[in-house]
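Student: Kindly generate the corresponding structure for this input.
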Amino acid sequence: MNPDKLFDYLDGKLSEAERAQLERQLASDTQLQRELAVAREIHRGMPESREVVGPFDSTSTSTRGAILGRRIAVAFSVLVFLNVIFGIYAIAFMDKKRRARPTQEQNRQELFQRLQKTAAVALPTPSFDVDEIKLSAPAAEQDALANKVIAAAQQCAGSGTKGLTDEHGILLFAEVPTARLNDFRELLKKLGATLPTQGGSVPAGEKTIVQIRIVAGAKQ
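Tutor: So this is what the prediction gives:
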């Protein structure tokens, strides 16, 4: 916007049509609003009026041009200053936000590690018996035998679940207290299980997970 038009607006020298058009622009143009605010501050500090002069006077015209030039220079300087201040603030804000990101990531990592340690203490990982116990039964009787294995685990204060079932048989997993592991083995032996040779070491942990496989074959 021409600064001279803003000063004419403040002096009340615009026509009704020009004044209405300018006010419509001011209602939606924030940049123009800032320019008007700067022009108003300059206008308040200038005691001289902007009345229309009489016949053409080169001296008056030169004086008016010098005053207008100073006003434009001051307005431009103020706008540049405001833009610089905003730029410095934006740079400082983004730098602060960027430096805060590593701290947040570090906090998340520490929290994750603490949760892992807490879970390890609260829920100790059961130990796995490395040897597989096998049972043989015809295909038609395998499902019933699997249910008996699960019942044996429950009888030893444990639990059992069926795993993979295919043409080769049924895979089961039983979780029993380590202290009742030998009792569970004896129950499986009564069901006809082939027990692997048990080493001297006792599995660690409060519970032991045992793998049982029922394969096709004549019932033992």
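Student: Can you tell me which helix or strand of this protein has the lowest average pLDDT?
Tutor: Sorted by mean pLDDT, DSSP states H and E, the helices and strands of the chain end with helix 58-122, the least confident at a mean of 66.
Student: phi, psi of the residue nearest to residue 134 when sequence neighbours are not counted?
Tutor: Nearest non-adjacent residue to residue 134, counting by Cβ to Cβ, 6 or more residues apart in numbering: residue 194, 4.8 Å away. For glycine as for every other residue, the C-beta is placed from the backbone atoms N, C-alpha and C. Main-chain dihedrals, residue 194, degrees, to the nearest 10: phi -90, psi 110.
Student: Please apply the same query to residue 207.
Tutor: phi -130, psi 160.
Student: Equivalent analysis for residue 165, please.
Tutor: The phi/psi pair for residue 165 (degrees, to the nearest 10) is phi -120, psi 120.
Student: Likewise for residue 11?
Tutor: phi -80, psi 0.
Student: Could you report the distance from it to residue 18?
Tutor: Residue 11 sits 13 Å away from residue 18, going by Cβ to Cβ, to the nearest Å.
Student: Repeat that for residue 38.
Tutor: To residue 18, residue 38 is 20 Å away according to Cβ to Cβ.
Student: which one of those two has more residues nearby?
Tutor: Ranked by neighbour count (other Cβ atoms under 10 Å), residue 38 and residue 18 place residue 38 first, with 20 against 13.
Student: Now do the buried residues in the one helix or strand that one maps to.
Tutor: Counting by DSSP states H and E, the element that carries residue 38 is helix 30-44. Buried positions in helix 30-44, judged by neighbour count with 16 or more other Cβ atoms under 10 Å: 35-36, 38-39, 42-43.
Student: Can you tell me which of those residues is nearest residue 91?
Tutor: Nearest to residue 91 among those: residue 38, at 23.7 Å, using Cβ to Cβ.
Student: what's the closest residue to residue 40 other than its chain neighbours in contact with, if anything?
Tutor: What sits nearest to residue 40 in space, not counting adjacent residues and going by Cβ to Cβ, 6+ apart, is residue 10, at 6.2 Å. Shown in contact with residue 10 (Cβ atoms under 8 Å, 6 or more residues apart in numbering): 39-40, 43.
Student: pLDDT wise, what is residue 10 at?
Tutor: What the model reports as pLDDT for residue 10 is 83.
Student: where does it fall, phi/psi-wise?
Tutor: Taking degrees, to the nearest 10 as the convention, residue 10 sits at phi -70, psi -30.
Student: any idea how far residue 30 is from it?
Tutor: From residue 10 to residue 30 the distance is 19 Å (Cβ to Cβ).
Student: Do I have it right that residue 79 meets residue 34?
Tutor: Yes. With contacts counted by Cβ atoms under 8 Å, residue 79 reaches residue 34, the gap being 7.0 Å.
Student: Can you give the domain ranges for the protein?
Tutor: The chain breaks down by automatic domain parsing into domains covering 3-93, 127-216.
Student: out of those, deepest packed?
Tutor: Greatest average neighbour count among the domains of the chain goes to domain 127-216 (a mean of 16), per mean count of other Cβ atoms under 10 Å.
Student: Show me what the mean pLDDT comes to for that one.
Tutor: 84.
Student: tilt between the helix or strand hosting residue 21 and helix 30-44?
Tutor: In this structure, residue 21 sits in helix 16-28 according to DSSP H and E. Relative orientation of helix 16-28 versus helix 30-44 (axes from the mean of the first three to the mean of the last three Cα atoms, to 10 degrees): 120 degrees.
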